[in-house]
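S.K.: Structural data only, the sequence is not supplied:
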Ligand code: TYD
């Protein structure tokens, strides 16, 4: 089954991270462990081909008879829609950060319920996007405070998110990415060359200190797909043990 996340549905309420762990680990009747779905997150600056790679991962998993759901952030839910509006109008960087995190908090509940049903989730952008994009905005301001906003944002997710089983970070030449999104001239605030350069550098920095991140740096999209599917196959092998 393939579906995209729009609005959170069902009665998932406000689960604590312990609830989510319990939900994922135990059978409804307290019986044997229910196979837990996995999260594969795709990350990278705009125009790296994340959406194409996500789609190919889903097709691969479906061919291997793994029930898979493709989803993305910002979501189409209420907070996701608000993000699209306020980022166009311009908003204070902290408000922007907390909106992306609020959208994700909703999304995590939604994903947890589907993982409990045994689905794998392919997520086009996840927490690393906030750390890389919003962290980059805060860097200059925080320089004087001697603190690292990128690390702070990753850390803030820890008590409540579900860490991905695999994160694929796609790295590419900035100009090629801007050409792909066709936004060299009329870029949004997220698609400026100088900004994306710093975002990509921050992505690479997070990858060095975060478990389960694979960096794929290849100009050929098909080569990227092959590399990523190799990782997915390795995960499938491990999950059968
Ligand atoms: P996305 O929907 O991936 O881009 P597009 O509309 O081109 O498909 O994301 C929109 C923008 O939001 C993208 O430039 C990256 C940015 N973003 C953040 O700044 N922080 C976040 O946490 C997320 C999820 C996205």
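M.R.: Thanks, I have the structure now. On a predicted model such as this, the values are computed, not experimentally measured, just so you know. Numbers count the residues shown, from 1 in each chain.

S.K.: quick one: the helix or strand containing residue 201 near the ligand?
M.R.: Secondary-structure element containing residue 201, defined by DSSP states H and E: helix 193-209. No - in terms of C-beta under 6 Å from any ligand atom, no part of helix 193-209 sits within range of the ligand; the closest distance is 8.2 Å. Every C-beta, even on glycine, is put in place using the N, C-alpha and C of the backbone.

S.K.: Tell me which helix or strand comes right after that helix.
M.R.: Remark: after helix 193-209, the chain's next helix or strand is strand 213-217, criterion DSSP H and E.

S.K.: and residue 53, what is it in contact with?
M.R.: Contacts for residue 53 were tallied using C-beta atoms under 8 Å, 6 or more residues apart in numbering; they are 42, 168, 170, 221, 224, 225, 228.

S.K.: In strands, which of those residues appear?
M.R.: Judged by DSSP state E, strands contain the following of those: 42, 168, 170.

S.K.: filter the residues you listed to the buried ones?
M.R.: Taking 16 or more other C-beta atoms under 10 Å as the criterion, what is buried in the ones in strands among the contacts of residue 53 is 42, 168, 170.

S.K.: mind listing what the first one touches?
M.R.: Listed by C-beta under 8 Å, 6+ apart, the contact set of residue 42 reads 50, 53, 54, 57, 122, 123, 124, 125, 167, 168, 170.

S.K.: There's contact between the last one and residue 213 in this structure, I believe.
M.R.: No - with contact taken as C-beta atoms under 8 Å, residue 170 and residue 213 are classed as non-touching, separated by 11.3 Å.

S.K.: Great, nothing more from me.
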